[in-house]
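**Student:** Structure, please.
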Amino acid sequence: MTDDLISRRGLSATRGGRGEKLAVLIHGLGANRAVWSRMLAIAGDHWPGRWLAPDLRGHGRSVMHGPYGYAMHAADIAGLIESEEPGNVTLVGHSMGGVVAALVATGWYGPHVADVAAFGVKLVWTPEEEGKARELSLRPARSFTTRAEAVDRFLKISGLIGLVDPDSETAASGIGGSEGQWQVAMDPRAFGSVGPSIPALLKLAAAPLRLAAGARDPMVTLTQMQTIDAAARAIDGAGHNAHWEAPAKVWNFVNNKN
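**Tutor:** Residues are numbered from 1 along each chain as shown. Here you go, the predicted model:
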């Protein structure tokens, strides 16, 4: 199977690879499937099967209307999986994507999930952080005069500022529009998903759920993760976006290798 672009259930996704196993890569809040590009570039050396990388609802090139709760995202991903002859499914979720993966793995949405590998999931939210997210969800989508301003905003929202070249294809994937009317390719209302207890949602997964985070991730600590997964691990040499900073190490985590 060659890498190709599909659109189903209003979700835009890229898929590739061969084999019975299927890895579904679920990005975090404010990002899109392009953040997996470094992992996918080496997937043939690390993953013995197929892979599927969607843009979540409200992000990238997917549908831009809600609802945007975790349950809706999980239903979307489950439907996408069922359209792909799922086989043996491993869910790989970054940040908010890890929460979505845990809900898909409850079995409530249909597909059987063999394994969940979630990393960079922020487990503790302060009232101030939740309030900030709700405030962002109420703001209208902003237009920028220049493309560079829109790119800068996307990289800040996605947490990729300082990691991704503003002139790269990854940066371009996060914006849309035309001269004088550039926008970030994200519906601000998607920030409204923040609020429910993340540890409680993760514990709903019926499939084995493993946690990790970059050793320099400011959003979650190893001690916090160990309250959910006693074998949680820190990924050396990485911060919050470990899939971008240390892609081979994240594949080792996905495959449960040291």
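**Student:** any idea how far the most centrally placed residue in the chain is from Gln181?
**Tutor:** For the chain, the residue nearest the mean C-alpha position is His27 (1.2 Å; C-alpha atoms, centre = their mean). Distance, His27 to Gln181, by C-beta to C-beta, to the nearest Å: 25 Å. In short, each C-beta sits where N, CA and C put it, glycine included.
**Student:** swap in Lys257?
**Tutor:** As defined by C-beta to C-beta, Lys257 lies at a distance of 47 Å from Gln181.
**Student:** same thing with Lys21?
**Tutor:** Lys21 is 43 Å from Gln181, by C-beta to C-beta.
**Student:** So for these two, which sits in the more crowded spot?
**Tutor:** More crowded of Lys21 and Gln181, by other C-beta atoms under 10 Å: Lys21, with 18 against 11.
**Student:** Torsion angles phi and psi at the more buried one?
**Tutor:** Main-chain torsions, Lys21, degrees, to the nearest 10: phi -80, psi 140.
**Student:** Check it and give its pLDDT.
**Tutor:** On the pLDDT scale, Lys21 is placed at 94.
**Student:** pretty sure it is in contact with Asn88, am I right?
**Tutor:** Yes. If you go by C-beta atoms under 8 Å, Lys21 and Asn88 touch, sitting 4.7 Å apart.
**Student:** For the stretch 151-258 of the chain, which segments count as strands?
**Tutor:** Taking DSSP state E, counting those that start in this stretch as the test, the strands found in the stretch 151-258 of the chain are 175-176, 183-184, 209-214, 233-235.
**Student:** Let me see the contact set for the nearest residue to Arg50 once chain neighbours are set aside.
**Tutor:** Once flanking residues are discounted, Arg50 sits nearest to Gly17: 4.1 Å by C-beta to C-beta, 6 or more residues apart in numbering. Going by C-beta atoms under 8 Å, 6 or more residues apart in numbering, Gly17 touches Met1, Ala23, Ala43, Gly44, Trp47, Gly49, Arg50, Trp51.
**Student:** how many neighbours does Pro218 have?
**Tutor:** Neighbour tally, Pro218, other C-beta under 10 Å: 11.
**Student:** Pull the contacting residues for it.
**Tutor:** By C-beta under 8 Å, 6+ apart, the contact list for Pro218 reads Gly239, His240.
**Student:** what's the pLDDT at it?
**Tutor:** Pro218 carries a pLDDT score of 96 in this model.
**Student:** quick one, phi psi at it?
**Tutor:** Here Pro218 shows phi and psi, under degrees, to the nearest 10, equal to phi -80, psi -10.
**Student:** which stretches of the stretch 1-150 of the chain aren't confidently modelled?
**Tutor:** In the predicted model, the stretch 1-150 of the chain carries pLDDT under 70 at residues 1-2.
**Student:** Hmm, Ile175 is touching Gln181, no?
**Tutor:** No. If you go by C-beta under 8 Å, Ile175 and Gln181 don't touch, sitting 10.9 Å apart.
**Student:** From what I see, Ser7 and Pro54 are in contact.
**Tutor:** No. Ser7 is beyond contact range of Pro54, at 9.7 Å (criterion: C-beta under 8 Å).
**Student:** shared neighbours, the two?
**Tutor:** Common neighbours of Ser7 and Pro54, counting by C-beta under 8 Å, 6+ apart, are Ala13.
**Student:** Quick check: closest non-adjacent residue to Asp217.
**Tutor:** That would be His240: by C-beta to C-beta, 6+ apart, it lies 4.7 Å from Asp217.
**Student:** correction: Ser12
**Tutor:** Using C-beta to C-beta, 6+ apart and skipping the chain neighbours, the partner closest in space to Ser12 is Arg61 (3.9 Å).
**Student:** Report the distance from stretch 71-91 to the chain centre.
**Tutor:** Relative to the centre of its chain, stretch 71-91 is centred 14 Å away, using C-alpha atoms, centre = their mean, to the nearest Å.
**Student:** That'll do, ta.
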